[in-house]
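Trainee: Just need the structure, nothing else, for what follows:
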Amino acid sequence: MFSVVKSFSAAERLDLANQFVRSFPAGTELLLIGASRDAVDDFVRGLARSAKATFGLHRFSLTQFAARLAIRKLAAAGVAPSSAVGAEALAVRAAYEAATRNELPYFAPVTKFPGFARATAATIGELRASGVAAEKLEALEEAGPDHAALLERYQDQMEEVSVADRTILFQAALEEVGAGADLARHPLLLLDV
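Mentor: Sure, this is the predicted structure:
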């Protein structure tokens with residue numbers, strides 16, 4: 001059964017998700033994936049109010065689910081998944097490395113500001129998720145070469161400390177799904193992801 005529901009009404013989406021879960025016999029293992037773990041937990045609490053029992057419901061945020069799928073592959077490669085805070089720490093180190101090599105002429109006036117690491121981590125995350133290579137950024141005007149340097153230093157830092165960012169995590173999870181991961185064989189509800 002495959003169904004996609006798009007609605008501006010949260011009540012309608014939640015009602016249809018509720019119907020989906022209740023369409024399975026009690027005790028059926030279901031994967032419930034939401035934008036956040038809290039959102040999925042709230043949904044399940046709503047289910048529990050009107051159900052005699054709820055078990056077999058595996059709740060995850062999208063990132064938690066990807067981590068669960070990818071963890072064996074990453075461990076085999078000797079790589080640990082990183083967090084958002086870890087990405088910021090890597091971005092700080094990447095900015096420091098690039099600044100000491102004088103690779104940030106455009107960003108030089110703002111590299112020491114408190115929000116620079118978070119903005120850098122977010123930008124690098126978006127660039128990596130989109131598959132943008134540093135070479136493409138170098139050809140751009142203004143901030144392009146600075147972004148290329150930050151991206152290269154960030155990737156250097158990831159390799160040096162053997163961590164995986166969200167991009168690597170999601171790539172590994174997709175590979176596991178393609179290889180027939182056990183978790184991917186259960187009925188699946190993606191709720192507002």
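Trainee: what sits against the residue of the chain most remote from its centre?
Mentor: Taking CA atoms, centre = their mean, the residue of the chain most remote from its mean C-alpha position is Lys52, at 34.1 Å. Going by CB atoms under 8 Å, 6 or more residues apart in numbering, Lys52 touches Ala26. In this view, the C-beta of every residue, glycine as well, is placed from N, C-alpha and C.
Trainee: right, and the secondary structure at it would be what?
Mentor: coil (DSSP: H, G, I helix; E, B strand; the rest coil).
Trainee: can you pull the pLDDT of it?
Mentor: Lys52 is assigned 71 on the pLDDT scale.
Trainee: Return the distance of it relative to Ala98.
Mentor: Using CB to CB, to the nearest Å, one gets 59 Å for the distance from Lys52 to Ala98.
Trainee: Which stretches in this protein count as strands?
Mentor: Along the chain, the stretches classed as strands by DSSP state E are 30-34, 57-61, 80-81, 163-164, 188-191.
Trainee: closest to Glu141 out of those strands?
Mentor: Smallest distance to Glu141 across those (CB to CB): 32.0 Å, for strand 163-164.
Trainee: Quick check: can you name the pairing partners of the closest one and their directions?
Mentor: In the sheet, strand 163-164 lines up against strand 80-81 (parallel) (DSSP bridges).
Trainee: Relative to Lys73, which of the strands of the chain is closest?
Mentor: Lys73 sits nearest to strand 163-164 of all those, at 9.5 Å, using CB to CB.
Trainee: any idea of the mean pLDDT in that closest one?
Mentor: Regarding strand 163-164, the rounded mean pLDDT is 92.
Trainee: again with stretch 22-41
Mentor: 88.
Trainee: what's that stretch in contact with?
Mentor: 1, 21, 43-44, 47, 51-53, 55-62, 64-65, 183, 186-193.
Trainee: again, 6 Å this time
Mentor: Stretch 22-41 is contacted from outside by 56-62, 65, 186-193, using CB atoms under 6 Å, 6 or more residues apart in numbering.
Trainee: can you check stretch 116-126 too?
Mentor: With contact meaning CB under 6 Å, 6+ apart, stretch 116-126 is reached by Ala87, Glu88, Ala91, Val92, Ala95, Val110, Leu150, Leu151, Tyr154.
Trainee: and what of stretch 84-92?
Mentor: By CB under 6 Å, 6+ apart, stretch 84-92 touches Ala117, Arg118, Thr120, Ala121, Tyr154, Gln157, Asp165.
Trainee: 8 Å instead, please
Mentor: 82, 117-118, 120-121, 124-125, 150, 154, 157-158, 161, 163, 165-166.
Trainee: Out of these, give me the two with the largest separation.
Mentor: Of all pairs drawn from the contacts of stretch 84-92, the greatest distance, 19.2 Å, lies between Arg118 and Val161 (CB to CB).
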